[in-house]
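1. curious how this folds, go ahead:
(chains A and B)
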Amino acid sequence: MGKTPAAVVGVGQTHHRAKREDVSMAGLCREAMDRALEDAGMTLDEIDAIVVGKAPDLFEGVMMPELYLAEALGAVGKPLLRVHTAGSVGGSTAIVAASLVQAGVHRKVLTVAFEKQSESNAMWALSVPVPFVMPVHAGAGGYFAPHVRSYIRRSGAPTHIGAIVAAKDRTNALKNPYAHLHNEGTTVESVLASQMLWDPIRYDETCPSSDGACALVIASEDVATASPNPAWIHGTVMRSEPTTAAERDQVNPQAGRDAAAALWKQAGIASPIDEIDAAEIYVPFSWFEPMWLENLGFAAEGEGWRLTEAGETAMTGRIPVNCSGGVLSSNPIGASGMLRFGEAALQVRGAAGEHQVDGARKALGHAYGGGSQFFAMWVVGADKPSN
Amino acid sequence: MSRTLSAPVTVSFDYTRSVGPVLGRFLTGLRDGRFVGARLGDGRVVVPPPEFDPVTHRATTDFVDVAETGTVTSWTWVSEPVADQPFDRPFAFALITLDGADAPLLHAVDVASPDEISTGMRVRARWAAERTGAITDLVFEPESPEVPRLGAGAPRTSTIGTDPVTGIVTPVSLDYTYAASPEESAFFRGLAEGRIVAQRCPACRKVYVPPRPACPVDGVPTVEEIELSDAGTVTTFCIVNVPFLGQRITPPYVSAYILLDGADIALQHLILDIPVEEVRMGLRVKAVWKPREEWGTTIENISHFAPTGEPDADFATYAHHL
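-> Okay, here's the model as predicted:
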């Protein structure tokens, strides 16, 4: 395909909170962008193009916010693209930005993704009644809970696996100063004791509703080589599929499996569990950790929960998952995917601070969106890819 | 009869907008009856102040007050105002460069006809008596010494507060006409007769309920009509315990995927007449219809699904529908 090498040379994010009433959407984006630029040792003037992503416009009630944001994002006189693929948008936005560099179109691209959930109510926005159909929809939790139940039935997983994930991610978040939730003392027992919201999903097994943004600076080979610690992009893949189709596998979607297979091939990875040192996987509801471990090929079908149960997804395990605390600890929806991609980059740059996995050389960033119908993922590495 | 059914949908929400320190200063100024602009890196004064300088990219910090009078640089006539516009009678939207500013502000001018406005005309702000810190705290009117000024001089008569404005509420309401596809319309019309009409995809032969204008696998409309029974199997479900804005069913309730006998895709509906904790995967259920006089072209003709009392379906019979 003739892609040229590209790397992440700057990562920035906001402090994620339930309500960032101190900043506008523009201010929120700039907070992340300015940190990413500082990390990259660049100014906005040096940037060739801006790629912005966010989830549905109904979340803030501003149609096409990229139009009014152009000035604040420093896009005057430059190409500005907006990407949308529902919850996976943070990931797909980073991939679009990377592709502009890999294609040789630009040398320095800044990408930013955001959500300001406090401006509205995502539960409402995702449950607007449609005429003629039964109004049983109940937000993202209501959508995914039946499929979690299907996973539990299909895999025979013990019912406390979701609580293990939630306790792990909330504990990891204590090491991440940017995380929204810093809930000390979250245990499997405390998660199991929390209120059942969308049975089988409990309150502590759901992501928070956050305001936040994430930004990355992606640069071409010459720029990245001169940077002190680039995270080289070893592979990027997006796949999609219909929300509903006869006999569609909602637990282990084909698009996710295909994307993962293509990703490992691109990145030259034969055994993901042995070769990936840290994974940032989009887990908005705790049970999606074992589900995506299987979908991504870290475990055989029906076996993902065994890794979780054995502690293999903890920071000290075989495949540390969501050392940052993940979506379960911060969920500015549009930015959540880019946070996964950015946290993966931080890991291989050795820049993840207290939640750094020792000696991480290759990391996965993953995002999904819609009714598990959009997938975006990348592998980044400390070394320049040889392929 | 139209091939497609349609119905109105209104999507409305009062968005709570955080305005940030720069626009907050501008809106606080409006509440206090003055215009706050900013001097940009290139020396121009702009109202409202941009949050970040488009040239230097730095956050705006150099604020300056400008006059409440200015000059129309362009305008358009609004002959048929719609809801929530500044006036309920015809008016002008104009670009107005306030005295002391170098770039125009878009706002409404209160004139009775297009003959009363022109480019180059002088206008003056007319402030509302009660101001909240919003762009709607004022309109413009011709600057004419003969016209008595209403709310003149912008004394702050409001009692809304003295704290800096940090947020505004932006009510948004959108009216749509939702149109079902011809295939779905056939399904909804069938329901009005107490029938469940499915269609088979001519390519993959899967039975879709509701039918589809495009099979998600093959991209062609489903065609061959099949009437399904109103009994089926619960494939999977969740119990909704959480109340939320706009919810139409009181929790707790069971939202279930029901695979009607003969269908290849499950339908979402409500399960009742059984304690929620007894609902299970594989449960056999049957539609409970509302009284016929309440029927319309909607799935809500079926009040809910209730257990048939048959033995549960074997997992293998529906495992490929999860």
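
2. ok, the residue lying closest to A:Pro385 once chain neighbours are set aside - contacts?
-> Using Cβ to Cβ, 6 or more residues apart in numbering or on different chains and skipping the chain neighbours, the partner closest in space to A:Pro385 is A:His234 (4.7 Å). Placement of C-beta: from N, CA and C, glycine included. Counting by Cβ atoms under 8 Å, 6 or more residues apart in numbering or on different chains, A:His234 makes contact with A:266-268, A:362, A:378-381, A:385, A:387.

3. try 6 Å
-> A:His234 is in contact with A:267, A:379, A:381, A:385, counting by Cβ atoms under 6 Å, 6 or more residues apart in numbering or on different chains.

4. which of those residues sit farthest apart?
-> A:Val379 and A:Pro385 (9.0 Å; Cβ to Cβ).

5. quick one: which of these two has more around it?
-> A:Val379 (28 against 18; other Cβ atoms under 10 Å in any protein chain shown).

6. could you pull up phi and psi at the more buried one?
-> phi -110, psi 130 (degrees, to the nearest 10).

7. report pLDDT for the residue nearest to A:Pro385.
-> For A:His234, the pLDDT comes out at 98.

8. do you know how far it is from A:Val8?
-> A:His234 sits 11 Å away from A:Val8 when distances are taken as Cβ to Cβ, to the nearest Å.

9. and the spatially closest residue to A:Ala86 that is not a sequence neighbour, how many neighbours?
-> In this structure, A:Ala86 finds its nearest non-sequential neighbour in A:Gly369, 3.4 Å apart by Cβ to Cβ, 6+ apart. A:Gly369 is flanked by 26 other residues according to other Cβ under 10 Å.

10. which residues touch A:Gly369?
-> A:85-88.

11. quick one: which of these has the most company?
-> A:Ser88 (30 neighbours).

12. am I right that that one is in contact with A:Gly371?
-> No - using Cβ atoms under 6 Å as the test, A:Ser88 is too far from A:Gly371 to be in contact (11.5 Å).

13. low-confidence ranges, chain A, go.
-> A:1, A:387 (pLDDT under 70).

14. swap in 90 and give it another go.
-> Residues of chain A meeting the criterion pLDDT under 90: A:1-3, A:121-142, A:386-387.

15. give me the contact list for stretch A:308-320.
-> A:161, A:164-165, A:168, A:273, A:278-279, A:289-290, A:298, A:307, A:321, A:323, A:357.

16. repeat that for 7 Å
-> A:161, A:164-165, A:168, A:172, A:273, A:276, A:278-279, A:289-290, A:298, A:307, A:321, A:323, A:357 (Cβ atoms under 7 Å, 6 or more residues apart in numbering or on different chains).

17. between those, which is nearest chain B?
-> A:Pro290 (15.4 Å; Cβ to the nearest Cβ).

18. surely that closest one touches A:Gly302?
-> No - counting by Cβ atoms under 7 Å, A:Pro290 stays clear of A:Gly302, with 9.3 Å between them.

19. comparing these two, which residue is more hemmed in?
-> A:Pro290 (31 against 16).

20. what residues are up against that one?
-> Contact analysis of A:Pro290 by Cβ under 7 Å, 6+ apart lists A:157, A:161, A:304-305, A:308.

21. for those residues, give me JSON lines that also has distance to B:Pro114, secondary structure and neighbour count.
-> As requested, those are exported to JSON lines (distance: Cβ to Cβ, whole Å; DSSP: H, G, I helix; E, B strand; the rest coil; neighbours: other Cβ atoms under 10 Å in any protein chain shown):
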{"residue": "A:Ala157", "distance to B:Pro114": "71", "secondary structure": "coil", "neighbour count": "22"}
{"residue": "A:Ile161", "distance to B:Pro114": "69", "secondary structure": "helix", "neighbour count": "22"}
{"residue": "A:Gly304", "distance to B:Pro114": "68", "secondary structure": "helix", "neighbour count": "27"}
{"residue": "A:Trp305", "distance to B:Pro114": "71", "secondary structure": "helix", "neighbour count": "26"}
{"residue": "A:Thr308", "distance to B:Pro114": "70", "secondary structure": "helix", "neighbour count": "24"}
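
22. just name the closest of these to chain B, please.
-> Of those, the one sitting nearest to chain B (Cβ to the nearest Cβ) turns out to be A:Ala157, at 14.1 Å.

23. skipping adjacent residues, who's closest to that closest one in space?
-> A:Trp305 (3.9 Å).

24. one more: A:Arg35?
-> A:Gly12 (2.9 Å).

25. verify the contact between the one you found and A:Met33 for me.
-> Yes - the criterion here is Cβ under 7 Å, and A:Gly12 meets it with A:Met33 at 6.3 Å.

26. and for these two, which residues touch both?
-> Common neighbours of A:Gly12 and A:Met33 (Cβ under 7 Å, 6+ apart) are A:Ala215.

27. so for the two, which residue has more residues nearby?
-> A:Met33 (30 against 24).

28. measure the more buried one to A:Ala75 for me?
-> 11 Å.

29. try B:Thr298
-> Distance, B:Thr298 to A:Ala75, by Cβ to Cβ: 46 Å.

30. likewise A:Ala299?
-> Between A:Ala299 and A:Ala75 the computed distance is 42 Å (Cβ to Cβ).

31. with B:Glu300 instead?
-> 47 Å.

32. how about A:Val96?
-> The value you get for A:Val96 to A:Ala75, if Cβ to Cβ is used, is 15 Å.

33. how about B:Ser303?
-> 53 Å.

34. what's the answer for A:Thr236, then?
-> For A:Thr236, the distance to A:Ala75 - Cβ to Cβ - is 23 Å.

35. of the two, who's got more company?
-> Taking other Cβ under 10 Å, A:Thr236 and A:Ala75 do not tie; A:Thr236 has more neighbours (27 against 21).

36. in contact with the more buried one, which residues?
-> Neighbouring residues of A:Thr236 by Cβ under 7 Å, 6+ apart: A:95, A:98, A:378.

37. can you confirm it is in a helix?
-> No - A:Thr236 is assigned strand when assessed by DSSP: H, G, I helix; E, B strand; the rest coil, not a helix.

38. now it, which residues is it bridged with?
-> In this entry, A:Thr236 is beta-bridged to A:Trp378, by DSSP bridges.

39. name the SS class of the spatially most central residue of chain A, please.
-> Nearest to the mean C-alpha position of chain A, counting by Cα atoms, centre = their mean, stands A:Gly337 at 2.5 Å. With three-state DSSP as the basis, A:Gly337 sits in helix.
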